[in-house]
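**Q** here's my sequence, what's the structure:
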Amino acid sequence: MSRKQNQSLAERMHAKEWRALPQDVALSGDTKSGTRRLFGEILRKFSVVLLVGGIASLFVYVWLDMMSGFSEEKSGPIAVAFESDGGMLDETWFRSWTEFDENSAPNLHHLRDRIMEYPQVSAARVMRLPDGNLRVDVRERCPVARLVDKEGRVRLVATDGVIFPSETFPLQQSMLPILQDVRIAIDAKTGFERVPAMEKLTDFIETARTAYGKLFREWDTISLRDFPSDLRDIGHSWSLIYVIPKASAQNPEHAKVVEYVFSASRFREDLKLLAAAREHRTWNDALGAPNRPPAYRVLFITNRKNPQKEFREIRLIPVQAENP
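**A** Model prediction:
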């Protein structure tokens, strides 16, 4: 008979008591070596993901690079489907500016970069069509004013202040107000010449053009001699916009208006005030009054006699006719 069989019931129960004792044995995942193995496993999986992602990215890059050029198997000249949202630039301009060779395969990235070097262009997209030909889409900057140098050469100023040539613009579409006393800066992003703080001036011009067209058509020149280069200075009282009307807009029976002086921050109130005066003929009465001075400068000022009810009003300042 075996020893186990010879044990009494009490002995056998006592032998099993060791199973109830606390076991000072940690799970394999809780040991330092287990933690290192788990970390290593995660690191290997992460490395595999990076490797697969890198290979996929390389494949996409190679594919895009292949798509950026034309296949040499393309027979015949490369046709160009050119479209511009502004309608001023056309395929003739595109071929001339880029020196496009329709008999060779161009690099599309280089071609787009060349298009973007023209200041009138704000965005461009160049694509290769399935048949091997080109599609070129261009977005143009919109001009709101002109710059005229001493030689009489005209350049245009876009809504964002970028200055660009006027050769591609028809004369009838470039009859915009002329800017004077302009401080020109260099755009840090594009390297183009630009007029600082043009966003606010564009707001002024477009408000006058769309809401007060009759007044706007009488404008000839806008002087920026007291217009700030920093938008943060627009709210100062010295921040002004001077508008000189066309000679043809003057009534020979009235005194001459030398210039209008608008507030750069409150020009909407000034335009509304001037339009109301013109509509109710009080303007003609003031300029056509007996014994009137030969010329006026028109200011729009804030009347602060009652701080609780301050308001804008027109002020006509007589000036010497020989000092327009």
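**Q** how many residues are close by Asn133?
**A** Neighbour count of Asn133, defined by other CB atoms under 10 Å: 17. Where C-beta positions appear, they are placed from N, C-alpha and C, glycine not excepted.
**Q** now the closest residue to it other than its chain neighbours: how far from Asn103?
**A** Nearest-residue entry for Asn133: Ala79, 4.3 Å, with adjacent residues in sequence omitted and distances by CB to CB, 6 or more residues apart in numbering. Distance of Ala79 to Asn103, computed by CB to CB, to the nearest Å: 12 Å.
**Q** what about the two, which has more around it?
**A** Using other CB under 10 Å as the criterion, Ala79 and Asn103 rank with Ala79 on top: 13 against 8.
**Q** need the per-residue pLDDT for the more buried one.
**A** Ala79 carries a pLDDT score of 92 in this model.
**Q** run through the residues that contact it.
**A** Glu102, Asn133, Leu134 (CB atoms under 8 Å, 6 or more residues apart in numbering).
**Q** of the residues you listed, which belong to strands?
**A** In strands, defined here by DSSP state E, the members of those are Leu134.
**Q** dump the contacts of Ala79 to TSV, plus pLDDT and distance to Asp181.
**A** Formatted as TSV, the contacts of Ala79 follow (pLDDT from 0 to 100; distance: CB to CB, whole Å):
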residue	pLDDT	distance to Asp181
Glu102	87	46
Asn133	91	49
Leu134	93	44
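**Q** nearest to Ala286 among the contacts of Ala79?
**A** In terms of CB to CB, no member of the contacts of Ala79 lies closer to Ala286 than Leu134, at 61.4 Å.
**Q** my guess is the closest one meets Ile78, correct?
**A** Yes - between Leu134 and Ile78 there is a contact under CB atoms under 8 Å: 6.0 Å.
**Q** pull up the overlap in contacts between these two.
**A** Residues touching both Leu134 and Ile78 by CB under 8 Å, 6+ apart: Pro106.
**Q** in this structure, which spans are strands?
**A** So, for the chain - with DSSP E - the strands run 80-84, 121-128, 134-140, 143-148, 154-158, 163-165, 178-180, 185-186, 193-194, 219-223, 240-245, 256-263, 295-303, 311-319.
**Q** let me know which of those strands is the nearest to Arg44.
**A** Arg44 lies closest to strand 121-128 among the strands of the chain, at 41.0 Å (CB to CB).
**Q** outline the domain layout of the chain.
**A** What automatic domain parsing lists as the domains of the chain is 80-138, 143-319.
**Q** got JSON lines for the ones you listed, with distance to Lys45 too?
**A** JSON lines is the format used below for the domains of the chain (distance: least, CB to CB, whole Å):
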{"stretch": "domain 80-138", "distance to Lys45": "36"}
{"stretch": "domain 143-319", "distance to Lys45": "42"}
